[in-house]
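Enquirer: Could you work out the structure for the sequence below:
(2 chains)
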Amino acid sequence: MKTFNIKKWIIPVLISLIVISTLFFLGTSYFNDDLSEKIIVLDDGWVISLNDEVTSYTSISSADIGVVNDSDVITLSTTLTNLTNTTDCLSFRTILAKVKVYVSGSLVYTYGYDYDEENLMLPKHYNYIPLTKSYEGKEIVIEIEATEDSAFNGISKISMGNLSEIKKNLLQTKKIPIFLGFFLCVFGFTLFILSGYVLINENKDFTIIFDAIISLCLGIYILCYNDIFQLLFSADYISTVIEYFSLYILPAAFVGYMFIAKHTVGKKVTLSLFTIDILFFFTTLILHSLKILHVNSFVTWAHILLLIESPIVIGFLIYSIFKLNRQSSYANGIASLKVLFSGLVALLTFALMDLINFNISKYSIINGDSNTNINFVIIGAVFFVTSLLVNYFYYSIDYLNSEKVKTSLETLAYNDYLTNVANRTKCEKTLAELNKADSDYTIISIDVDKLKETNDSLGHTAGDKLLSDFSQETISVFSNAKLIGRMGGDEFIIILNNDDFSGAKKQIEILEDNLKKKGIYISYGLATSKEALRNSSQVYMIADKKMYAMKLLHHRKYSDQRQAINKQQEGGFYND
Amino acid sequence: MTSEALKKLNITAASIICTLLLLISIIIIKICSKYTPQSNIYTLDESWNITYTSKITGETTSCEDINLENIKDELDVTGFAKGDTLTFSYEFSRYGEAIDFPCIYVKFDYCAFYVNLDGETIYEYATDKISTGEFVACNYIIIPITSNYKGKTIEFKLTLTENTDLVINAPLLGSSNEITYVFAYKNIFPFITGCFMITFGTVFALLSLVMFKKLPGMMLQLKTSVLSVLIGVRIWGYYELFPIIIKNEYSTTINFIALYLFVPVTMMIIREILPKDEEKKLFCTPVEIFDFVAFFAACILHFTNIIHFNRFLICFYVFTIVNIGIMVFYFVYCVKQKILNKYKMMHFSGLMIMSSLLIIDAIYYITMRFVYSTSTTTYLFPAGGFLYSGFIILNYLINTTRAYASAKENDNLVTLAYKDGLTNLSNKAMFDRILEVFDLHDDDYCIISIDLNELKEINDTYGHNAGDTFIENFASLLTDVFPAPDYCCRVGGDEFSVTTANVNETDILNKIEKLNELTKALNEKNSEYKLSFAYGYAFKHEFDSERVRSSSVYMAADSRMYELKNLQHKIINKRRKSTDKN
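Expert: Just a heads-up that it's a prediction; the model follows:
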């Protein structure tokens, strides 16, 4: 008969339920406001000119203006129509560019001229140009002037509608970056703080710090790339700067991890690469803070570094996994390392794909980076963080399993099989430990009477049963004992955690009474730690002596009884 | 002893440093998140004209030029009923400066309303729900107005959809851009914490389920991660952050579900923490069932539009206090009985603290009814949630690093005594102990004796190293086929034995067949020498006597193995002869 196993069913169902609902929540627009009719994307009908030369394009999404360099000016003009009561905003994104907007020839909006005067880098920015209904039918002119070489390629889409709705619409499509980005940031941050704890207390495993840095930088990069800080907090400049720096530090973090981690290959190569990456990062940091070169001008270099290093690191990682595979799979933590390495490989591969994709779209395909998304890195980040967590899970499993093995081995090593109390080794260990500790205790020595007789007359089975009966009763009466143990064939010891002599005496008398009902007779002796200046072996000796005195008394009683019985029998015999 | 003391000191130092770092980073975030709006934001709390029509009595009262703070006194009411209508009107006479994207930022709890500007309707909120009786969410709403609003009159026509005290927050006038930034900066900490806890909980729950079989105590992980998601959702709900990424209308419902589920899930976790044999004594199952029935009853009533979630709030707080009482009882019981270890105790205390924060929530809710403004935000709940999940991660990281230490300790102390150095299987001493243990119980068992063929020849021809790898390879196959709780032992140079409580003969034959296949597969990889084995097995139940010694069972298995070995020898010899002839 096979019973219906509910666990087997419920787990895959729960897993798919969580996955589906998460994807449903993050990936679909079911929970989003339907704003498609309220927000108008102004794509067609523009006059687009580059550096005062009018181009033939009229549609923004298909305008191929190429890579825009320093001081190039793109001018867009059109006539505003379809303004409604709630329309109050025209919105578009610019990268590294200054903006001026004219309506009917008069300047209504400027952005970025103050940055440029101070020789600061112009951030990625969402321009919100206030509109009123009176602009209906008027001509709007947008001037976008790039401030860096190869600043951007293509024009981002221009939408018109209500400002709060436009922002909401943007944020609602960025649920995945929001959740993943903030999660990675906080997770990395927590790991970072906890790594201090782990380093001080346990072993010197520096990989945790690198895990933390990778996670943190990845989180920041995802958030910044998706303009979350711009949209939520209007922190344009900081967001743009840390986006670049988090990108620049990532190669160093990966290579550093490879160098620090155990079981990886190519230590010499990774060390030299790590030095190069760290130098690169600090050079950019210094040059940017001294306003000599803006942080964005190193992007090509960072990309080249990533393009060269990623394949090397991926190769090393795959080789390490291969090597781990050949090792015995029973070694501690190997499985988890394999998982973590695979996660890193996935992340790097996706990052590499993204890098190639980004550069292709920026330099070749029409309308490039102003509209590209980094979807691959997000997938890679998901892989990475999952592998990191799986890694910790595996370690926990290892830890819990080894704890389990330890307890089971300890039971084997320290337990008396027959009576299920501590064996002699454990008793001696505990007695020795008592001398180290600074507390009072009571030792009771017990001897089961007539065990030998029982064994001889009724067989070993009866003797075994007698002993296990005795130990069961003892365990139930002395539930407060520090230790109940079997020192030898019929000798037992109980150690109590206090020196309450009368209390112990009462307890042992209860035990004696209970055992009498089952036909088991015992001799015992008690001694407290006070009686021998807390020297446990002497205390035990005293208890033992008292026990022997009692045993002797019992023996006499038994022999008296036996004599009496014998006499009776003899009498009966004679009477018969 | 000194190293122990040093370790303790280290732990204290590290904990203090961690806490300090955490506090410093929170303070840095707080300082960085100061935002000064670039245009003025005005609070419109004075000079309102209000008309109130009660649905029950049909009476209409109106008052002019009042402060919103005194609305109940001025109207002389204690609360409002479902269906009552209120009209708020305000003339923009004082403020009229030009603002980009001018808007009114307003929140009326559980009210559907129209907004008119100089008689023209410019906004509607949930007005279609008045007739259907559906639940109306409470959210801040941005109502855009024209830039030449000066001198115009704005009018809010409210219809109440619930019996409520109507806590009115003064509307704000300003640039919608700036107002949303101010809001975002104010709530930066709960936003990030909530985000983290929701994602963390989801990922953790998934991983717990995937690894369900491997890790004991996975149920606890699963329930903890559910709680983590709930705390995250609750934090977002509490600070009204959901409208940032989803439709307004869902936010309040989600918030209530998270709140009402908090206590039942906490009780579920506590049940998991308590020892299994205490569960019945402590009535865990009835308490749990009661909690969930109450929750689902509330859900059914809400979604059928009979009684909406908000009406259960008082019930919920009473219910929470009762449950916290039960928790305290459990806690005291556990402390007295000393049945929980240090980690479980910490976990339990953490849960108690989290739940107690709900009582603060309750006090806050009650005082809200008398206090006018909602500007007093507490950081207690997100801070508690953050610390709780921090504790979970900490637990994991420490486990991670301890895995090394503990494994080493076992290797050194106990494993040496009972493990075979070469194969890492149990050794003869362990095997003897296992047999001893078998003799103490009446349970049935099976002993399999396995002997490797031709080990001697391999040692002689290819050297001892080859022989050792040969044995190692076989040992790893053996543990693959007979994983724990079965014991695989190496009892002699080429002798192995497996003890198992599985007494199904076909199962055992299948496993041996599998071992055979694996061995063959291994043989195909290295061509130099061929691995093969002989086996024999015996069950306890084959013997009539109740008190048969395990050693006799082992002897039986052993002799069967030898029979097979002899047979194999004959076959091999025959083959050899025939090949020789050929």
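
Enquirer: Quick check: next helix or strand after the helix or strand in which residue B:24 is found?
Expert: Per DSSP states H and E, residue B:24 falls inside helix B:2-32. Sequence-wise, the next helix or strand downstream of helix B:2-32 (DSSP H and E) is strand B:42-43.

Enquirer: Show me the strands paired with that following strand, marking each as parallel or antiparallel.
Expert: Paired with strand B:42-43 in the same sheet, following DSSP bridges, are strand B:172-175 (antiparallel).

Enquirer: For the helix or strand following the strand it pairs with, the averaged confidence score.
Expert: Per DSSP H and E, the first helix or strand lying C-terminal to strand B:172-175 is helix B:176-186. Averaged across helix B:176-186, pLDDT comes to 88.

Enquirer: ok, and what's touching helix B:176-186?
Expert: A:128, A:163-164, A:167, A:232-234, B:33-35, B:37-39, B:41, B:100-103, B:105, B:140, B:142, B:144, B:172, B:191, B:244, B:377 (CB atoms under 8 Å, 6 or more residues apart in numbering or on different chains). From N, CA and C alone the C-beta is placed, and that goes for glycine too.

Enquirer: So what's the gap between the helix or strand following it and the chain middle?
Expert: Per DSSP H and E, helix B:176-186 leads on to helix B:188-210 as the next helix or strand towards the C-terminus. A distance of 8 Å separates the centroid of the chain from that of helix B:188-210, by CA atoms, centre = their mean, to the nearest Å.

Enquirer: Just the CA coordinates for helix B:188-210, please, in CSV.
Expert: Taking C-alpha atoms only, helix B:188-210 is exported to CSV below (Å, rounded to 0.1, in the frame of the first residue of the first chain):
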residue,chain,number,x,y,z
ILE,B,188,13.9,56.8,2.1
PHE,B,189,14.6,54.4,5.0
PRO,B,190,11.3,52.5,5.0
PHE,B,191,11.3,52.4,1.2
ILE,B,192,14.7,50.6,1.1
THR,B,193,14.0,48.4,4.0
GLY,B,194,10.7,47.3,2.6
CYS,B,195,12.2,46.6,-0.8
PHE,B,196,14.9,44.5,0.8
MET,B,197,12.7,42.5,3.0
ILE,B,198,10.2,41.6,0.3
THR,B,199,12.9,40.5,-2.1
PHE,B,200,14.9,38.7,0.6
GLY,B,201,11.8,36.9,1.8
THR,B,202,10.8,35.8,-1.7
VAL,B,203,14.3,34.6,-2.7
PHE,B,204,14.7,32.8,0.7
ALA,B,205,11.4,31.1,0.5
LEU,B,206,12.2,29.8,-3.0
LEU,B,207,15.6,28.5,-1.9
SER,B,208,14.1,26.9,1.2
LEU,B,209,11.6,25.1,-1.0
VAL,B,210,14.2,24.0,-3.5
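
Enquirer: List the buried residues in whichever helix or strand comes after it.
Expert: From helix B:188-210 onward toward the C-terminus, using DSSP H and E, the following helix or strand is helix B:218-238. Going by neighbour count (16 or more other CB atoms under 10 Å in any protein chain shown), the buried part of helix B:218-238 is B:218, B:220-238.

Enquirer: Which ones, among these, also lie beside chain A?
Expert: Residues of these in contact with chain A (CB under 8 Å from any CB of the partner chain): none.

Enquirer: so where's the stretch 201-350 of chain A uncertain?
Expert: For the stretch 201-350 of chain A, applying pLDDT under 70 flags the ranges A:201-205, A:326-334.

Enquirer: in it, which spans are helices?
Expert: Assigned by DSSP state H, counting those that start in this stretch, the helices in the stretch 201-350 of chain A fall at A:207-225, A:228-233, A:236-260, A:267-289, A:299-326, A:334-363.

Enquirer: Which one, of those, ends up nearest to residue A:14?
Expert: Checking these against residue A:14 by CB to CB gives helix A:334-363 as the closest, at 21.8 Å.

Enquirer: Please work out the angle formed by the directions of that closest one and helix A:207-225.
Expert: Using axes from the mean of the first three to the mean of the last three CA atoms, to 10 degrees, the inter-axis angle of helix A:334-363 relative to helix A:207-225 is 30 degrees.

Enquirer: what's downstream of the lowest-mean-pLDDT helix or strand in chain A, the next helix or strand?
Expert: The helix or strand of chain A with the poorest confidence is helix A:375-414; it has a mean of 73 (mean pLDDT, DSSP states H and E). Per DSSP H and E, the first helix or strand lying C-terminal to helix A:375-414 is helix A:424-436.

Enquirer: ok, which stretches of the stretch 401-550 of chain B are helices?
Expert: Secondary structure of the stretch 401-550 of chain B (DSSP H, counting those that start in this stretch): helices at B:416-418, B:428-440, B:455-462, B:464-481, B:505-525, B:550-581.

Enquirer: Please tabulate those helices in CSV and include mean neighbour count and distance to residue A:184 as additional columns.
Expert: Output for the helices of the stretch 401-550 of chain B, formatted as CSV (neighbours: other CB atoms under 10 Å in any protein chain shown; distance: least, CB to CB, whole Å):
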stretch, mean neighbour count, distance to residue A:184
helix B:416-418, 14, 44
helix B:428-440, 17, 47
helix B:455-462, 15, 53
helix B:464-481, 18, 37
helix B:505-525, 14, 42
helix B:550-581, 14, 56
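
Enquirer: Tabulate the ones you listed (a markdown table), appending mean pLDDT.
Expert: Shown next, in a markdown table, are the helices of the stretch 401-550 of chain B (pLDDT from 0 to 100):
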| stretch | mean pLDDT |
| --- | --- |
| helix B:416-418 | 61 |
| helix B:428-440 | 77 |
| helix B:455-462 | 75 |
| helix B:464-481 | 83 |
| helix B:505-525 | 86 |
| helix B:550-581 | 81 |
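
Enquirer: Of all the ones you listed, which one is nearest chain A?
Expert: Of all these, it is helix B:428-440 that lies closest to chain A, at 5.2 Å by CB to the nearest CB.

Enquirer: Would you agree residue A:547 is in contact with residue A:443?
Expert: No. In this structure, residue A:547 is not within contact of residue A:443 by CB atoms under 8 Å, at 10.4 Å.

Enquirer: residue nearest the centroid of chain A?
Expert: In chain A, the residue lying closest to the centroid (CA atoms, centre = their mean) is residue A:389, at 4.6 Å.

Enquirer: Spit out the contact partners of that one.
Expert: Contacts of residue A:389 (CB under 8 Å, 6+ apart): B:203-204, B:207.

Enquirer: which of these has the most neighbours?
Expert: Sorting the contacts of residue A:389 by how many neighbours each has (other CB atoms under 10 Å in any protein chain shown) puts residue B:204 first, at 23 neighbours.

Enquirer: hang on, it packs against residue B:221?
Expert: Yes. Shown here, residue B:204 and residue B:221 form a contact pair, counting by CB under 8 Å, at 6.7 Å.

Enquirer: Counting by contacts, list what the host helix or strand of residue B:255 packs against.
Expert: Counting by DSSP H and E, the element that carries residue B:255 is helix B:248-273. In this structure, helix B:248-273 packs against helix B:218-238, helix B:284-303, helix B:313-337, helix B:342-368, with contacts taken as 3 or more CB pairs under 8 Å, 6 or more residues apart in numbering or on different chains; DSSP states H and E.
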